[in-house]
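Student: sequence and computational prediction follow.
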Amino acid sequence: MKKILIANSKGGSSKSTLALSLAYCLTQNYKVCLVDTDTQGSINNFKQYVGIDVVDNLDGNYDIAIIDSPPYLTNQLPELIKNADFVLIPCRPNYFDALALSGIIGMVKGKKAGIVLVQTQHRVNISDVIDTLKEYELPIIKQSMSQRVAYARVAMQNPFDTDDVKAQKEILSIVLEIFSAING
């Protein structure tokens, strides 16, 4: 089973939204489960609407586990990182969020990992934030997640069941980059 951990020590960084979006994409071709280690329980609170197995442990027969982590550095996080095949770090495109990554970046050194920009807006220049992220010497996923209605509704509606082709393409591109990194 491949384990993809969504991790960021900052709350409101779209970890749960990203975890659900990736899981929805992957269920088209794989047996996927979600693990909600976040004490807020965002995914657990909506599991009846999600239509994907939300599990407490990884004992089941799944191809891929998407693991949503807590919004702070916990004692549990090093073990989650150690056991992950890939660590995906979401970051909103602003300096506060970029600078807040330093703690998690230090924990993923030597792991297959990448930063993905989330909640991006078209026609907003974020090159200065990208320059800050490059200083971490961790790959930045080429495809960002734009600010879209499909993501705001992800807890209640699979974006792959909507007509938001742009959201679907964004998530698929992120999944393909992650798989390339895992298998590369």
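Tutor: Arrived safely.
Student: residues contacting residue 165?
Tutor: Counting by CB atoms under 8 Å, 6 or more residues apart in numbering, residue 165 touches no other residue. In short, each C-beta sits where N, CA and C put it, glycine included.
Student: quick check: it vs residue 155, distance?
Tutor: Using CB to CB, to the nearest Å, we find residue 165 at a distance of 21 Å from residue 155.
Student: same deal with residue 39?
Tutor: According to CB to CB, residue 39 and residue 155 sit 17 Å apart.
Student: output the one helix or strand in the chain whose mean pLDDT sits lowest as CSV, nothing but the C-alphas.
Tutor: The helix or strand with the lowest mean pLDDT-type score in the chain, counting by mean pLDDT, DSSP states H and E, is helix 42-45 (a mean of 83). Output of helix 42-45 as CSV, limited to C-alpha atoms (Å, rounded to 0.1, in the frame of the first residue of the first chain):
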residue,chain,number,x,y,z
SER,A,42,-12.7,17.3,9.4
ILE,A,43,-12.8,14.2,7.3
ASN,A,44,-14.3,12.0,10.0
ASN,A,45,-17.1,14.5,10.5
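Student: what comes into contact with the helix or strand where residue 89 lies?
Tutor: Taking DSSP states H and E as the definition, residue 89 sits inside strand 86-91. By CB under 8 Å, 6+ apart, the surrounding residues in contact with strand 86-91 are 2-8, 13-15, 18, 22, 81, 97-98, 101, 104-105, 108, 111-118, 133, 138, 141, 145, 174, 178, 181-182.
Student: go through those and flag which are in helices.
Tutor: 15, 18, 22, 81, 97-98, 104-105, 108, 133, 174, 178, 181-182 (DSSP state H).
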